[in-house]
Structures are given as C-alpha cells and as structure tokens.
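# Predicted model and sequence follow; I will ask about them next.
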Amino acid sequence: MSIENSCVRLDEGRWNPKNREVLEKLIKKYRDTNSYAVFDWDNTSIQGDTQLNLFIYQIENLKYKLNPEQFNKVIRKNVPTSNFKERFKNLDGEILNATKLANDIYKEYIFLYENYISDKKFSLKEIRNTEEFKDFRAKMHYFHNVLPNNFSAELACLWEFYLLSGMTKDEVKSLAKESNDVKLGEAIGDVILESSRVLTGEAGIVRGIYDNGLRIRPEMANLYHELKRNGIDVYIISASMQELIEVFATDKSYGYNLEIENIYAMRLKSTTDNILVDEYNYEYPFTQRKGKSEIIEKFIKPKYNRKGPILVGGDAVGDENMLTEFRDTEVLLIMKREGKLDNLVNDKRALVQYRNLQTGLLDPK
C-alpha cells in the first residue's frame with residue numbers, strides 16, 4: 001500500500017471533532033470490503049435546496065418552455081379545488097383555493113409569455129418591474145407553499161417538477177448549472193414577497209416566502225473523496241430531479257466529483273427525443289421516505305451481496321427510512337436542522353452535526 005493510501009484522514013474543516021474521528025474510524029474499518037455509503041443531497045451534501053432554488057430561478061428569469069395553455073394545465077394538474085386551510089387566507093382574510101390562485105397566475109403568465117418569454121418586447125429588467133411579474137412571482141411562491149401544507153408532499157414535488165416539462169434533459173441540466181452558479185453567489189435566508197396591490201385578481205393580495213441560496217459543503221465533498229479513495233462506494237438518493245443532482249454532484253466545478261451512475265433521484269417521463277413531459281416515471285420509486293429505502297433495496301444492495309449501507313447521511317424526515325431500516329448501518333450522520341430528526345438524535349449510532357444559520361457552514365462546536 002502506498003504512503004498516499006496508508007492512512008485515513010479527513011480534512012479537519014469545520015467538523016465537530018468527535019464526528020470526524022468516528023467517520024475516520026469507520027472508513028478505516030470498512031476500507032476495501034465491498035461496502036458503500038448513502039447520502040441525501042439537499043441540506044445534507046450541500047446547504048440549501050437545489051430544486052427549490054431552480055424553481056426560484058425559473059420565476060426570476062421566466063425560464064419556461066410552456067405556452068400559456070400548457071402552463072395553465074400544469075399548474076392545475078392533480079391539484080384539488082377545495083378551499084385551503086384557514087391559516088392560508090389572503091391579506092384581506094379571505095379563504096382561497098387553487099382555482100382562484102391559478103386563474104390569476106395564468107392571466108399574468110399570458111402577459112409575461114407574450115411580452116418576454118416568446119417575444120422579447122421587454123428586457124428582463126423591464127418585465128421584472130411590471131405589476132404582472134410582481135403578482136406572478138408572489139403567487140407562484142404562495143401556491144408552492146400551500147400545496148404540501150394542504151395536500152401532500154408528493155403533489156407539491158410533482159407540481160414543481162412539471163414546470164420543467166417541455167425542456168429536453170440537456171436543457172434542464174444547462175438551466176440547473178445556471179441556477180446553481182447564481183444561487184451560490186446570493187445571500188442565504190428567507191425572502192418574503194407580496195403580490196400586486198394593483199392587479200389583485202381573484203385571489204387578492206398574498207405573501208409568498210422562500211428560502212434562497214445555496215452553499216457547497218467542502219467537508220462533505222472531502223468525506224466522499226476519502227470514502228472512495230478507500231474503496232467505499234458513495235451513492236446519492238435525492239428528492240430533487242435526477243438531472244439537477246447529476247449536474248451538482250458530477251460537474252467538477254462544484255468539487256464533489258461523484259459518478260453519475262451512483263445518483264438516484266426523481267425522474268419524469270420523456271419522449272423518444274428526451275423532452276420531459278408532465279408525468280412521473282414510476283419505474284423508479286418516488287425518492288422520499290420509504291422510496292429512498294426502496295431504491296437501496298432494488299438498485300444498490302444487489303451489488304453488495306444484499307448488504308445495507310455502512311453509513312447514511314440525511315437531514316429531514318424524508319431521509320428517516322433509509323437512516324433507520326438497514327441493520328448493517330453503523331453510523332447515521334445527521335446534518336441537524338431545527339425541528340428535524342429530533343427522534344434520531346439519541347440513537348447510539350447518530351453523529352449530530354450542526355450548521356451556522358447565518359453562513360450555512362458547518363459548526364464545529
């Protein structure tokens with residue numbers, strides 16, 4: 001064995017020292033034993049949510065391939081028309097529903113499509129200054145927020161994904177690269193938007209909120225490199241779309257340098273010429289909660305004599321199944337967020353790693 005490969009040493013970085021020590025011992029123990037580790041992506045491998053930030057970027061830059069009729073169909077697809085819960089009233093105290101909200105968004109989209117998306121009559125700066133854009137932006141974010149809170153996380157995910165339909169897979173990847181590069185340079189934290197007080201429409205005035213910004217986590221990239229250097233394979237299972245995670249995890253400009261075949265994420269169906277359509281590809285499990293464990297069972301364990309992962313990393317309830325269901329898992333790396341996975345903090349296998357809320361960086365304390 002060469003000097004280079006003779007020891008396991010993670011960069012000190014901002015790791016909690018105990019966590020780093022345990023991870024180093026785990027790598028040394030399972031070096032070259034046909035073992036593997038599995039990690040979530042958003043808010044685990046990176047700070048922030050890749051899919052959410054692409055959704056934000058699409059709105060900010062009106063990056064859509066759908067004509068108004070297609071867009072209108074997509075934003076209503078499978079969304080119940082029943083009233084939202086009381087706490088999702090507009091600013092005048094009126095109860096809302098998807099029909100009122102979608103009617104307003106569709107109307108504004110027609111204006112934006114005719115004046116910018118299909119025909120650049122306005123510059124991007126000019127279109128962003130219109131009341132139509134202001135109303136569209138806030139109501140899209142409001143709609144995005146109410147879906148998981150009133151219906152289901154699966155419906156909310158698909159609603160977000162379907163906005164990318166009409167694009168080829170390569171176009172989605174190109175858009176993801178644009179979005180990543182912009183959002184890595186922006187401030188992180190909540191942004192609150194209010195819809196137009198001029199074009200109030202059927203839904204009236206609402207406030208939308210979103211968590212902006214992305215950050216690379218060099219400690220996680222280094223962990224992946226060290227695992228691989230010692231013969232332990234690294235897999236990503238994410239609830240963002242496949243094309244987005246492929247870009248972030250494999251493009252060398254981000255430094256993770258993972259293998260594209262080791263990435264499992266959400267997949268839309270596509271045409272023979274690789275244009276995405278507004279249908280989920282259920283040949284792959286829906287990669288939230290139980291679906292993440294199903295990916296491991298169906299696609300990964302068979303490569304390792306049916307052994308489970310030695311290490312699993314995650315940050316939220318969507319990762320809980322894959323964190324807890326495999327008897328071979330020796331270490332749970334919990335990238336701790338407030339109110340998330342509190343039930344696993346006292347698990348004897350758990351390494352709890354905190355982050356700095358202002359910077360998004362790991363907190364060594």
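Received it, and whenever you're ready, just let me know what you need. Numbering: from 1, shown residues only.

# C-terminal to the helix or strand hosting V247, which secondary structure element comes first?
In this assignment (DSSP states H and E), V247 forms part of helix 242-250. The helix or strand immediately downstream of helix 242-250 is strand 263-266, counting by DSSP H and E.

# pLDDT below threshold where in this protein?
For the chain, applying pLDDT under 70 flags the ranges 1-6.

# Report the contact partners of D170.
D170 sits next to N274 when contact means CB atoms under 8 Å, 6 or more residues apart in numbering. (Glycine included, C-beta is placed from N, CA and C.)

# try 6 Å this time
D170 is in contact with no residue at all, counting by CB atoms under 6 Å, 6 or more residues apart in numbering.

# contacting residues around the helix holding V247?
If you take CB under 6 Å, 6+ apart as the criterion, helix 242-250 is touched by 41, 50, 169, 172-173, 176-177, 180, 236, 238, 254, 256, 258, 260, 263, 265, 267.

# how about the strands of the stretch 201-350 of the chain, start to end?
207-212, 215-216, 232-241, 263-266, 268-270, 276-280, 311-314, 331-335, 350-355 (DSSP state E, counting those that start in this stretch).

# Who are the packing partners of the last one?
Identification of packing neighbours for strand 350-355 by 3 or more CB pairs under 6 Å, 6 or more residues apart in numbering; DSSP states H and E yields helix 17-30, strand 331-335, strand 362-363.

# and the angle from that strand to strand 331-335?
Orientation of strand 350-355 against strand 331-335 (axes from the mean of the first three to the mean of the last three CA atoms, to 10 degrees) gives an angle of 20 degrees.

# List the buried residues in strand 350-355.
Within strand 350-355, the residues that count as buried by 16 or more other CB atoms under 10 Å are A350, L351, V352, Q353, Y354, R355.

# which among those gets closest to Y210?
Closest approach between the buried residues of strand 350-355 and Y210, by CB to CB: R355, at 18.9 Å.

# what sits against the closest one?
R355 makes contact with L362, D363, according to CB under 6 Å, 6+ apart.

# Without its sequence neighbours, what residue ends up closest to R207?
Excluding its sequence neighbours, the residue lying closest to R207 (CB to CB, 6 or more residues apart in numbering) is E194, at 5.2 Å.

# ugh, typo on my part, it should be V206
Spatially, and ignoring its direct neighbours in sequence, V206 is nearest to Y142 (4.5 Å; CB to CB, 6+ apart).

# likewise V234?
V234 sits nearest to Y224 (CB to CB, 6+ apart), 4.8 Å away.

# Can you tell me how far that neighbour is from R215?
Separation of Y224 from R215 (CB to CB, to the nearest Å): 16 Å.

# coming back round to it: now for the residue nearest to R207, how many residues are close by?
Burial measure for E194: 15 neighbouring residues, criterion other CB atoms under 10 Å.

# can you check E126 too?
Residue neighbour count, defined by other CB under 10 Å, stands at 13 for E126.

# buried residues in the helix or strand harbouring it?
E126 is located in helix 124-128, with elements delineated by DSSP H and E. By neighbour count on 16+ other CB under 10 Å, the buried set for helix 124-128 is I127.

# buried sites along whichever helix or strand comes after that helix?
Using DSSP H and E, the next helix or strand after helix 124-128 towards the C-terminus is helix 131-150. Buried residues in helix 131-150, defined by neighbour count with 16+ other CB under 10 Å: 132-147, 150.

# name the helices or strands packed onto helix 131-150?
So helix 131-150, by 3+ CB pairs under 6 Å, 6+ apart, packs with helix 98-112, helix 153-162, strand 189-194, strand 207-212.

# Other residues contacting the second one?
The reference is to helix 153-162. Defining contact as CB under 6 Å, 6+ apart, one finds that helix 153-162 is touched by F55, V74, L147, P148, M241, L268, D278, Y280.

# which residues touch the first one?
Contact criterion CB under 6 Å, 6+ apart gives E160 as the residues in contact with F55.

# do the last one as well
Listed by CB under 6 Å, 6+ apart, the contact set of Y280 reads L158.

# Show me what it bridges to in the sheet.
Y280 has the following beta-bridge partners by DSSP bridges: L268.

# ok, so what distance separates it from R306?
28 Å.

# V317 now?
In this structure, V317 and R306 are 26 Å apart, going by CB to CB.

# of those two, who's got more company?
Between V317 and R306, V317 has the larger neighbour count (other CB under 10 Å), namely 15 against 9.

# what sits against that one?
Not one residue lies near V317 by CB under 6 Å, 6+ apart.

# in stretch 289-305, what's buried?
Buried residues in stretch 289-305 (16+ other CB under 10 Å): R289, G291, K292, S293, E294, I295, I296, E297, I300, K301, Y304.

# for these, which one is nearest T329?
Nearest to T329 among the buried residues of stretch 289-305, with distances taken as CB to CB, is I296, at 10.1 Å.

# on that earlier part again, pull out the buried members of the contacts of helix 242-250.
The neighbour-count test (16+ other CB under 10 Å) marks 41, 50, 169, 172-173, 176-177, 180, 236, 238, 254, 256, 258, 263, 265, 267 as buried among the contacts of helix 242-250.
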